[in-house]
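# Prediction below, plus the sequence it came from.
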Amino acid sequence: WQFFKYEVYNHKCTYVRALFDVYWVDKTALMYKDGIAKSFDKEARKAVIVTKRKSSIPLILRDMAPPEGSIFDPARKWEEEKARRRTAQIQVDAAAAQKAEAEKNSKKGGKKTGKKQSTADAIKETNAADKEK
């Protein structure tokens with residue numbers, strides 16, 4: 001579980017990240033005492049007193065909610081972000097397609113030498129191509 005807490009200092013929003021991970025945080029550390037429960041054990045003929053405990057996570061979530069009357073809508077913001085990411089991905093794909101087409105056209109017009117390239121030269125060329133990317 002990841003929770004984010006909003007704090008405002010001098011009209012400037014800073015996000016303080018508080019991570020509560022189910023696997024790493026002891027669940028009893030997030031519990032608080034909520035009174036006692038008294039019961040009577042008929043067989044042992046003794047009163048048993050148990051401390052009731054409740055989870056703090058609902059309170060943490062309530063405190064981290066946007067303030068009352070806030071105009072921030074995470075669903076709307078996420079839709080805008082998805083649209084921005086889609087357009088960025090389309091631009092990247094178009095640029096990659098243009099580059100691939102240019103490389104394909106340049107390979108068609110090139111002259112072939114009749115010599116076979118050595119393995120070391122082929123590796124050097126691929127490394128140089130990877131560095132250019």
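Thanks, I have it.

# The protein: helices as residue ranges?
Taking DSSP state H, the helices of the chain run over residues 57-64, 74-109, 119-132.

# If you count contacts, what does the first one end up packed against?
In other words, helix 57-64. strand 2-9 (3 or more CB pairs under 8 Å, 6 or more residues apart in numbering; DSSP states H and E). For the C-beta atoms, the positions are set from N, CA and C on the backbone; glycine is no exception.

# any low-confidence regions in this structure?
Applying pLDDT under 70 to the chain flags residues 1-25, 108-114.

# Deepest in the core, which of the helices of the chain is it.
Ranked by average neighbour count under the criterion mean count of other CB atoms under 10 Å, the helices of the chain are headed by helix 57-64 at a mean of 12.

# tell me which residues form a beta bridge with Tyr32?
Lys54 (DSSP bridges).

# Enumerate every residue touching it.
Neighbouring residues of Tyr32 by CB atoms under 8 Å, 6 or more residues apart in numbering: 53-54, 56.

# got the helices of the chain as TSV, with distance to Glu43 columns?
Shown next, in TSV, are these (distance: least, CB to CB, whole Å):
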stretch	distance to Glu43
helix 57-64	36
helix 74-109	54
helix 119-132	77
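
# Looking at these, which is nearest to Arg45?
For Arg45, the closest of the helices of the chain is helix 57-64, at 38.2 Å, according to CB to CB.

# hang on, the earlier thing: how about the helices of the chain, which one is nearest Ser39?
helix 57-64 (26.0 Å).

# Just checking the distance from the closest one to the centre of its chain.
With CA atoms, centre = their mean, to the nearest Å as the basis, helix 57-64 stands 20 Å off its chain's centre.
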